[in-house]
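[1] generate coordinates for the sequence data below:
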Amino acid sequence: MHTRKSIVRSTFHALICTAVLSAVSASSTPPAHALDCSVPLKAVGPIDPANGFPLYYQDSTRLALQPCLDAVCGGAGFVLPDPNLPLSFPGNFPVAVVYSRAISKMTVGTISVVYVSALEGSFANGVQALPGDQVVFSRIRIRIFGATPGGTYTVTHPYGVEVLTADGFGTVNFTQDSPRIPVGLGGPALAFGTALSVGRVGPFLRAVAPVPPPGLIGNPAANQTVTGSPCGTNILRVEGPGFPVGGQQTDQFKPLVGRRHPICGDGFLDAGEQCDDGNVLDGDCCSSTCQLEPNGIPCQDGDACTTGDTCSAGTCIGGPPPNCDDGNQCTADSCDHALGCQNLAQPNDTPCDDGQPVICSLPYTCQEGLCTAGGGDMDGDQVCNHDDNCPSVANTNQADLDGDGVGNACDPVDATIALGEARIQHSSEPAQPNDGRIILKGTFQMGPSEGPFSDAAGISVRVQDGLGLDYTVSWSPGRCADSGTRIRCRSGRGWLRGTFWQLPSGPGQYGFYISLSQVDLHGMLQGPVTVDIRHGDSIDRVGTLDACAPSTPAAMVRCRAPVPHPIS
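    A predicted model of the protein is given here:
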């Protein structure tokens, strides 16, 4: 037997199931929209034991709104089941519990438009307040009446853009709600958290002008402009048939419903707060609990052109400006309040003087932010590149033996040698891989400004042939013995020998005999043969013999000067 009470209960459960299924279905295939720029709500507050709804919802700007449960907040739209009795739950409680609601309307000719964005609480049965039946959902609703049947309309609003088509009667009826799941069925996390996870209302809109009544975010009875759109579109605009080219728009919203819930960090100074700077961070003079931090503690005032900022009565006071002078006269020093010190290069060729003892015939100028003389001093020898006869290798004395304008340090040929004989024999492969031999004989002339030939800086000999041989032997000063008229150099257990001596034929005349044995030489040999004797201040004395036999690649090549050079 079914009693009336059991029938009502069964009907109520069926309604709940239908509501849940409809919500799930709606959330699984939401209507298409051209743009959704909403920012999800940040948090939901604890449950109010007086009515079973969350105490507040908080958006991404930390603004928290509580249920609007009086006519001051809700205006003419707030109605109790029995207006003559006080608010009570569930006996005299509204079916619609508004946290946030913004409505905008416009009329163009015979076309009327209504826009609604809201975060609301209600009951799954839709008729009366019942414990365990509480739901909270977000809503975007657009209705157009008198439109062109089948016409396409683009609607821009604070949370995005919708492209909608009118039906055959010239009506657009678009509503997008987040799923409604009663708390008794899904629990608080699902019933009250769905508006955070899939809702399209956030952050909350707030009135700009006129200023709303204290504690409210808008006026329920007056037209007002708003702010808060994450798209930057704090308007309602409609484009399509029947509207002017470019559409028609309004920035007026009425009503705008919402009551702040006092919470630290929302930017409003509430009871119990000494300060509220819109965040819950410590170290900015207003603590995470909205209390003044002690005077004198370090802080950041947000100005990159102050230093040593400290707190004073809840305000971060900037200290002295930073020293932006980088000591470089080729930069313009300044301070950008966002970026801090800026040291930008002065225009190239701006005159300057860096005070360095660089020798140069050209004036100092700024080049790419650096003070340089004659294009700079690449090798650091205090002679500018413009005047340096060897700008890539340091040579402070600028020595140039042959006077060709290329310093000895860079000149591959500073002087010549008269190469009388060159004999090269490669190693006997594979039985004797290190029995190659090089014999060199010849003479050279030292200039009057050079002084006597010396091993003070070491001596090296480089030998090259026409097929790619490139062999160098070097003797450090410790490997040479100078008797005054003869220098003997030895290395490699005596297998690498060089002798240099003064000739009686005249001042500055020298002969040399070089014998390099047990040398690992591979490959065929062929003239010409070139010899480079390097000594002193990077002096390269170079000579070449072209008259070589055989004239084809061979295991040994022997070259002689056409005219014999006497060696004693």
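[2] number of residues surrounding Leu525?
    23 (other CB atoms under 10 Å). For glycine as for every other residue, the C-beta is placed from the backbone atoms N, C-alpha and C.
[3] tell me the contacts of it?
    424-426, 465, 467, 469, 553-557 (CB atoms under 8 Å, 6 or more residues apart in numbering).
[4] select only the buried ones of the residues you listed in ChimeraX?
    This is how ChimeraX selects the buried members of the contacts of Leu525, with burial counted by 16 or more other CB atoms under 10 Å:
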select :424,425,426,465,469,554,555,557
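[5] among the contacts of Leu525, which one sits closest to Gly442?
    Nearest to Gly442 out of the contacts of Leu525 is Ile424 (CB to CB; 14.4 Å).
[6] mind checking which of the contacts of Leu525 land in strands?
    Among the contacts of Leu525, the members found in strands (DSSP state E) are 424-425, 556-557.
[7] next, give me the two most distant ones among the residues you listed.
    Taking CB to CB, no two of these sit farther apart than Gln425 and Val557, at 8.1 Å.
[8] any idea how far Ala373 lies from Gln367?
    According to CB to CB, to the nearest Å, Ala373 and Gln367 sit 10 Å apart.
[9] of those two, which one has the most company?
    Shown here are Ala373 and Gln367; by other CB under 10 Å, Ala373 has more neighbours (25 against 18).
[10] my guess is the more buried one meets Tyr364, correct?
    Yes. Counting by CB atoms under 8 Å, Ala373 touches Tyr364, with 4.9 Å between them.
[11] where do the helices sit along this protein?
    4-28, 71-74, 183-197 (DSSP state H).
[12] can I see the domain layout of the protein?
    The record, using automatic domain parsing to delimit domains, assigns the chain the ranges 4-260, 263-321, 415-560.
[13] could I get those as JSON lines with mean pLDDT and distance to Val383?
    As requested, these are exported to JSON lines (pLDDT from 0 to 100; distance: least, CB to CB, whole Å):
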{"stretch": "domain 4-260", "mean pLDDT": "90", "distance to Val383": "62"}
{"stretch": "domain 263-321", "mean pLDDT": "94", "distance to Val383": "41"}
{"stretch": "domain 415-560", "mean pLDDT": "90", "distance to Val383": "15"}
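[14] export the ones you listed to TSV and tack on distance to Gly403?
    Converted to TSV, those look like this (distance: least, CB to CB, whole Å):
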stretch	distance to Gly403
domain 4-260	75
domain 263-321	58
domain 415-560	10
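[15] and those domains: which comes nearest Asp349?
    domain 263-321 (30.3 Å).
[16] quick check: neighbours shared by Ala373 and Tyr364?
    Contacts common to Ala373 and Tyr364, judged by CB under 8 Å, 6+ apart, are absent.
[17] how much space separates the nearest residue to Pro182 once chain neighbours are set aside from Phe137?
    Leaving aside its chain neighbours, Pro182 sits nearest to Ala124 (4.2 Å; criterion: CB to CB, 6 or more residues apart in numbering). To Phe137, Ala124 is 10 Å away according to CB to CB.
[18] which residues does the residue nearest in space to the middle of the chain contact?
    In the chain, the residue lying closest to the centroid (CA atoms, centre = their mean) is Leu339, at 14.4 Å. By CB under 8 Å, 6+ apart, the contact list for Leu339 reads Ala304.
[19] from Phe174, how far out is it?
    46 Å.
[20] go on, Gly232?
    For Gly232 relative to Phe174 (CB to CB), the value is 22 Å.
[21] strands of the stretch 151-300 of the chain, residue ranges please.
    Secondary structure of the stretch 151-300 of the chain (DSSP state E, counting those that start in this stretch): strands at 152-157, 160-165, 171-177, 206-209, 225-227, 236-239, 248-250, 256-257, 259-260.
[22] same question for the stretch 401-550 of the chain.
    Using DSSP E, counting those that start in this stretch, strands in the stretch 401-550 of the chain cover 415-425, 436-445, 459-464, 470-475, 480-482, 486-491, 496-502, 509-519, 529-535, 539-545, 548-549.
[23] on contacts alone, who are the packing partners of the shortest one?
    With contacts defined as 3 or more CB pairs under 8 Å, 6 or more residues apart in numbering; DSSP states H and E, strand 548-549 has these neighbours: strand 556-560.
[24] now swap in the second one and tell me
    Packed against strand 436-445 by the contact rule (3+ CB pairs under 8 Å, 6+ apart) you find strand 415-425, strand 459-464, strand 509-519, strand 529-535, strand 539-545.
[25] parallel or antiparallel, which strands does the last one pair with?
    For strand 539-545, the paired strands and their directions (DSSP bridges) read strand 415-425 (parallel), strand 529-535 (antiparallel).
[26] quick one, which of those strands is nearest to Gly202?
    Using CB to CB, the nearest of these to Gly202 is strand 529-535, at 79.9 Å.
[27] now the closest residue in space to Ile359 that isn't next to it in sequence: how far from Pro40?
    Spatial nearest neighbour of Ile359, chain neighbours left out: Val383 (5.1 Å); criterion: CB to CB, 6+ apart. Distance, Val383 to Pro40, by CB to CB: 68 Å.
[28] can you check Thr306 too?
    36 Å.
[29] could you dump the ones in strands among the contacts of Leu525 into TSV with distance to Arg486 added?
    Shown next, in TSV, are those (distance: CB to CB, whole Å):
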residue	distance to Arg486
Ile424	25
Gln425	27
Met556	29
Val557	29
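[30] how long is stretch 47-67 end to end?
    The first and final residues of stretch 47-67 sit 12 Å from each other (CA to CA, to the nearest Å).
[31] picking that back up, point out the most buried one among the strands of the stretch 151-300 of the chain.
    strand 256-257 (a mean of 26; mean count of other CB atoms under 10 Å).
[32] that one packs against which elements?
    strand 97-108.
[33] could you export the strand it packs on as PDB, CA atoms only?
    Provided in PDB are the C-alpha atoms of strand 97-108 (Å, rounded to 0.1, in the frame of the first residue of the first chain):
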ATOM      1  CA  VAL A  97      20.100  31.900  -2.800                       C
ATOM      2  CA  VAL A  98      22.200  34.400  -4.700                       C
ATOM      3  CA  TYR A  99      26.000  34.800  -4.200                       C
ATOM      4  CA  SER A 100      26.500  36.900  -7.400                       C
ATOM      5  CA  ARG A 101      24.200  38.000 -10.100                       C
ATOM      6  CA  ALA A 102      24.700  40.600 -12.900                       C
ATOM      7  CA  ILE A 103      22.000  41.400 -15.400                       C
ATOM      8  CA  SER A 104      22.200  43.700 -18.500                       C
ATOM      9  CA  LYS A 105      19.500  44.500 -20.900                       C
ATOM     10  CA  MET A 106      19.200  46.400 -24.200                       C
ATOM     11  CA  THR A 107      16.600  47.100 -26.800                       C
ATOM     12  CA  VAL A 108      17.200  47.900 -30.500                       C
END
